[in-house]
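**Q** below: sequence and its predicted model.
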Amino acid sequence: MEFSTWLLYATVAIVNIASPGPAILLAISNSVAYGLRRVVFSSLGNICGGALISSLTMAGLGAVLKTSSLLFGILKLVGAAYLIYLGIRQWRSRTSLFARHDAAAPAARNNRQLFMQGFLLALTNPKAILFFTALFPQFLSTKHDLLPQYAIMTGTFMVLSFCSLMSYALLARSAGAWLSGERNTGLFNRFAGGTFMLLGLGMLRLKNTAA
């Protein structure tokens, strides 16, 4: 892949990755709830889910999804239901998210659960599959082997996604220490929960533009 092509792809990817969405909201929520270091696991889960989506896209699932209204509808419903579930749980949470956590205290969620949370969030987002399907062909060159190009673009996307999620988590952790207090905790829970639910409802309106 030409460096100029990669640079353009990376720029487009950064704009997409940095745009607020479910993965960023999850990173922020986990950061203030469990600490910055444990956000690593949910972020790793999310980028691994993204890598799997990229692999499925390369294998042709993206094209199938774009042309199959039934498959798209099923995946859209699953993704929306998962986001709404996360939103309801966050809204009803009474946990003091902004409080400092004792490192010796047992964690509310283990590392495997955090990883799977991020992984499932990535897999249940049909918009991500459509993004990979629409984006990758624009930067592929038929003059070179396709597999290395897919690997470069997927690796770039994973690294940029991880850095973005951790950056948001770091900012959220700093804000969490500054906004400590029971009242702010309740407001944050409702804001995060409501946003998750709105994202889920918004996903139901997602159109299969190529179908």
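**A** Yep, it's here.
**Q** tell me which strands and helices the strand or helix carrying R37 is in contact with?
**A** Taking DSSP states H and E as the definition, R37 sits inside helix 36-59. Contacts defined by 3 or more Cβ pairs under 8 Å, 6 or more residues apart in numbering; DSSP states H and E place helix 36-59 against helix 22-34, helix 111-123, helix 126-139, helix 146-178. C-beta: built from backbone N, CA, C; applies to glycine.
**Q** the first one - contacts with which helices or strands?
**A** Other elements packing on helix 22-34 under the criterion 3+ Cβ pairs under 8 Å, 6+ apart are helix 36-59, helix 69-92, helix 111-123, helix 146-178, helix 182-203.
**Q** mind doing that once more with 7 Å?
**A** Contact here means 3 or more Cβ pairs under 7 Å, 6 or more residues apart in numbering; DSSP states H and E; on that basis helix 22-34 packs against helix 36-59, helix 111-123, helix 146-178, helix 182-203.
**Q** do you know how far the residue nearest the centre of the chain is from L77?
**A** Closest residue to the average C-alpha location of the chain: A23 at 2.8 Å, with Cα atoms, centre = their mean. For A23, the distance to L77 equals 19 Å [Cβ to Cβ, to the nearest Å].
**Q** and what of T11?
**A** Taking Cβ to Cβ, one finds T11 at 33 Å from L77.
**Q** these two - which one has more neighbours?
**A** Taking neighbours as other Cβ atoms under 10 Å, T11 and L77 compare with L77 leading, 14 against 10.
**Q** what number of residues lie near the nearest residue to that one once chain neighbours are set aside?
**A** Leaving out its chain neighbours, the residue that sits closest to L77 by Cβ to Cβ, 6 or more residues apart in numbering is L204, at 7.5 Å. Counted with other Cβ under 10 Å, residues neighbouring L204 total 14.
**Q** and G73, by the same measure?
**A** 15.
**Q** how many residues are close by the residue lying closest to L140 once chain neighbours are set aside?
**A** Spatial nearest neighbour of L140, chain neighbours left out: Q149 (5.6 Å); criterion: Cβ to Cβ, 6+ apart. By other Cβ under 10 Å, 20 other residues sit near Q149.
**Q** also V15?
**A** Applying other Cβ under 10 Å, we find 9 other residues in the vicinity of V15.
**Q** mind pulling up the pLDDT for it?
**A** Predicted confidence (pLDDT) for V15: 71.
**Q** and the helix or strand encompassing it, what other elements does it pack with?
**A** In the assignment (DSSP H and E), V15 maps to helix 3-18. Here helix 3-18 touches helix 126-139, helix 146-178, going by 3+ Cβ pairs under 7 Å, 6+ apart.
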